[in-house]
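# Pasting the sequence and the predicted model now:
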Amino acid sequence: MRMANKPTATTAEKLATIQQGYTLEGATIELGAAIVDGEIHKEAQVRLPLAMMNRHGLVAGATGTGKTVTLHMIAEQLSTAGVPVFLADIKGDLSGLATPATGSEKLTARTSALGQQWEAKNFPVEFLSLGGDGHGIPVRATITSFGPILLSRIMDLNDTQESSLQLIFHFADKNNLELIDLKDLRAVIQYLTSDEGKAELANLGGLSKATAGVILRELVGLEAQGMEKFFGEPEFDTAELLRTAPDGRGVISCLELPTLQTKPLLFSTFLMWLLADLFEDLPEAGDLDKPKLVFFLDEAHLLFNGASKAFLEAITTTVRLIRSKGVGIFFVTQTPKDVPADVLGQLANRVQHALRAFTPEDAKALKATVSTFPVSDYDLEETLTSAGIGEAVITVMNEKGAPTPVALTRLRAPESVMGPSADDLIRSTVAASSLLVKYGTAVDNLSAYEKLNGQAAAPTGDAAPGLPPVPASSSGVPSGASQADIDAEARRIEEEILGRPSSRSSSPESFPAPPAPVPAPAPTSQQDGMFGDIAGALGGALGGGLKSMVRSMGTQLGRDLMRGVFGTSSRRRR
């Protein structure tokens, strides 16, 4: 239960509390100067420890209160500190990071009052766009890498249909049918529902022709909406987000989202693919002096609206575990209520801009927000409704892992343009990017569509530089196996993927039992904790029968079926 605010503290005592709480030893992100009893005190600087950025954070506030400018200002300082940054640029305002700002008397007066030594600067920015939907370098993913869970989220499939899509992916893996784009997945489903493929469909046990038909119709709907350009090759290597510029500053990767309003679910899910892919590739790093990457997820409520329990569990697991890989995630949204409690509880750094209380629902959101802050000398309900543009209530995690005092803060001004850069500058930056040669031209390699239709791949010129394709592993029964072997394999696949007893009949006298998996070495306690978290998420996402298999991680089949927290695949075809 929250204690009452302390009404007897003097201004000097309040200042002393803030100054002591934000006196930190290591490198910091300077956020601004504290406002106490209505006055700005530049001697009370509010800052965030750079080493604590991987403890994640929340930037919240009503529309128009300055959230985007806050991201802009933090991104500049992270870049200066040599930390790469990823930003989703929904309104186009963040492209101004590439252009130095212009000083003015008003700006000088503001920065002087904050004790900020302001200097016009530009920063190393890489402009990206999903599938080329915008000016930036195209970011694409293969269907195999994207995985069935995230794809089910875009297609709005129910639990049964999602489980069926898992089976379709497994069939494609087993038969070396590479799923690169939507036409590949459509071809596999059409094959399974055709007369030619009905025997294969029956062998999959948990997949009915009717459910496959529903998935196929949803897939055709995605193509009709023009979403096929987001899936394909060359697939974007998320390691590109971890680069630094030649001068040592972190590269700011700015993803354009010009048509977010028409495809919000696709964009939010694609951002989770980027995170999941990073999670799969990055090694454990422990506590670092500064993070490897800070990832800002704007319009975060889009991730959670209507999300399945399995999807929410996977997000929670990713947020919990990616911290130890040196990645910090900041969710940007209007109120803390937009973020599920299990995720919100992991966001140690809080920047809360003003909230409105015009409706009863607004009033409830305000009270809920106040309840998430530590006890302070502020009347937070009044403070949060009266804070001005460019002001925010802040508490962060200090270097000892404890929350800092709550401080109403006048935030620092960015040193680059607060708005879009000129189109000519964006185009010239993209044209000069080293990534353009690698990702600029789509390629259509031999994959499931061509194999099932007996066609050769269409000529597309030279492939983008990168690793050669890695064939999918082939698990299952050997060629020439008996029907009993095929049925036993179908039951095993169904039970392991769907996490329930097989619906296929079996007879111990007639059918041999599937081979037992090779035991894995006993995990360490640290590994057990991490894999336990992953298993918990996958228990909901892929079925309870996978939990023991995920914990053991001892067989290649286990690694193939796990496919990552979101069902994504770590196999690369670059």
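Happy to help now that I have it. Numbering: from 1, shown residues only.
# Let me know the secondary structure of the spatially most central residue of the chain.
Against the mean C-alpha coordinate of the chain, by C-alpha atoms, centre = their mean, the closest residue is Met272 at 3.0 Å. At Met272 the chain is in helix, as set by DSSP: H, G, I helix; E, B strand; the rest coil.
# quick one, what contacts it?
150, 303, 315, 318, 566 (C-beta atoms under 8 Å, 6 or more residues apart in numbering). C-betas here are computed from N, CA, C, even on glycine.
# Could you tell me how many residues sit around Leu436?
Using other C-beta atoms under 10 Å, Leu436 has 14 neighbouring residues.
# just the one 5 residues further on next, same as before
With neighbours defined by other C-beta under 10 Å, the count for Thr441 comes to 15.
# what secondary structure does it sit in?
coil.
# For Tyr71, give me its contacts.
Slight slip there: residue 71 is Leu, not Tyr. Contacts of Leu71 (C-beta under 8 Å, 6+ apart): 59, 87, 94, 296, 298, 330, 332.
# mean confidence score for the helix or strand hosting the last one?
In other words, Val332. Take DSSP states H and E as the rule and Val332 turns out to sit in strand 327-333. The average of the pLDDT scores along strand 327-333 is 93.
# what separates that strand from the chain centre, distance-wise?
Distance of strand 327-333 from the chain centroid (C-alpha atoms, centre = their mean, to the nearest Å) equals 9 Å.
# and what of stretch 166-173?
24 Å.
# Just the C-alphas of that stretch, formatted as PDB.
Output of stretch 166-173 as PDB, limited to C-alpha atoms (Å, rounded to 0.1, in the frame of the first residue of the first chain):
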ATOM      1  CA  GLN A 166       3.400 -25.500 -36.800                       C
ATOM      2  CA  LEU A 167       2.900 -28.800 -38.500                       C
ATOM      3  CA  ILE A 168       3.100 -27.300 -42.000                       C
ATOM      4  CA  PHE A 169       6.400 -25.700 -41.100                       C
ATOM      5  CA  HIS A 170       7.700 -29.000 -39.800                       C
ATOM      6  CA  PHE A 171       6.600 -30.700 -43.000                       C
ATOM      7  CA  ALA A 172       8.500 -28.100 -45.100                       C
ATOM      8  CA  ASP A 173      11.600 -28.500 -42.900                       C
END
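# residues in contact with stretch 149-162?
Taking C-beta under 8 Å, 6+ apart as the rule, stretch 149-162 contacts 143, 148, 165, 211, 214-215, 218-219, 221-222, 227, 265-266, 269, 272-273, 276, 306-308, 310-311, 314, 541-542, 566-568.
# Next, the buried residues of it.
149-155, 157, 161-162 (16 or more other C-beta atoms under 10 Å).
# Now stretch 248-255 - C-alpha only, CSV.
C-alpha atoms of stretch 248-255 as CSV (Å, rounded to 0.1, in the frame of the first residue of the first chain):
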residue,chain,number,x,y,z
GLY,A,248,33.3,5.2,-32.8
ARG,A,249,29.8,6.6,-32.4
GLY,A,250,26.9,4.1,-32.4
VAL,A,251,24.9,3.8,-35.6
ILE,A,252,21.3,4.8,-35.2
SER,A,253,19.1,2.5,-37.3
CYS,A,254,15.9,4.4,-38.2
LEU,A,255,13.1,2.2,-39.5
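# Inside strands: which ones of the contacts of Leu71?
Among the contacts of Leu71, DSSP state E puts 59, 87, 296, 330, 332 in strands.
# Which one of the buried residues of stretch 149-162 is nearest to Val188?
Leu151 (12.8 Å; C-beta to C-beta).
# part of a strand, is that closest one?
No: secondary structure of Leu151 (three-state DSSP): helix, not part of a strand.
# And it, how close does it get to Leu185?
8 Å (C-beta to C-beta, to the nearest Å).
# in the stretch 251-400 of the chain, which spans are helices?
264-281, 301-304, 309-322, 341-344, 360-371, 380-386 (DSSP state H, counting those that start in this stretch).
# Pipe those into CSV and attach mean pLDDT and distance to Ala199 per row.
Below are these laid out as CSV (pLDDT from 0 to 100; distance: least, C-beta to C-beta, whole Å):
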stretch, mean pLDDT, distance to Ala199
helix 264-281, 83, 34
helix 301-304, 80, 40
helix 309-322, 84, 30
helix 341-344, 90, 44
helix 360-371, 87, 55
helix 380-386, 93, 63
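# out of these, nearest to Asp237?
So among the helices of the stretch 251-400 of the chain, helix 264-281 is nearest, using C-beta to C-beta, at 8.6 Å.
# Run a quick neighbour tally on Thr111.
Other residues close to Thr111 by other C-beta under 10 Å number 17.
# Now do the contacts for Thr193.
Counted by C-beta under 8 Å, 6+ apart, Thr193 has contacts 201, 209, 212-213, 216.
# Which of these are buried, as a ChimeraX select command?
Buried subset of the contacts of Thr193, written as a ChimeraX selection, criterion 16+ other C-beta under 10 Å:
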select :201,212,216
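# could the contacts of Thr193 be laid out in CSV, adding secondary structure, pLDDT and distance to Arg110?
Converted to CSV, these look like this (DSSP: H, G, I helix; E, B strand; the rest coil; pLDDT from 0 to 100; distance: C-beta to C-beta, whole Å):
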residue, secondary structure, pLDDT, distance to Arg110
Leu201, helix, 85, 66
Lys209, helix, 84, 66
Ala212, helix, 87, 61
Gly213, helix, 86, 61
Leu216, helix, 89, 58
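# what's the most distant pair in the contacts of Thr193?
Leu201 and Leu216 (12.3 Å).
# out of the contacts of stretch 149-162, which are buried?
Of those, these count as buried by 16+ other C-beta under 10 Å: 143, 148, 165, 211, 214-215, 218-219, 222, 227, 265-266, 269, 272-273, 276, 307-308, 310-311, 314, 541-542, 566-568.
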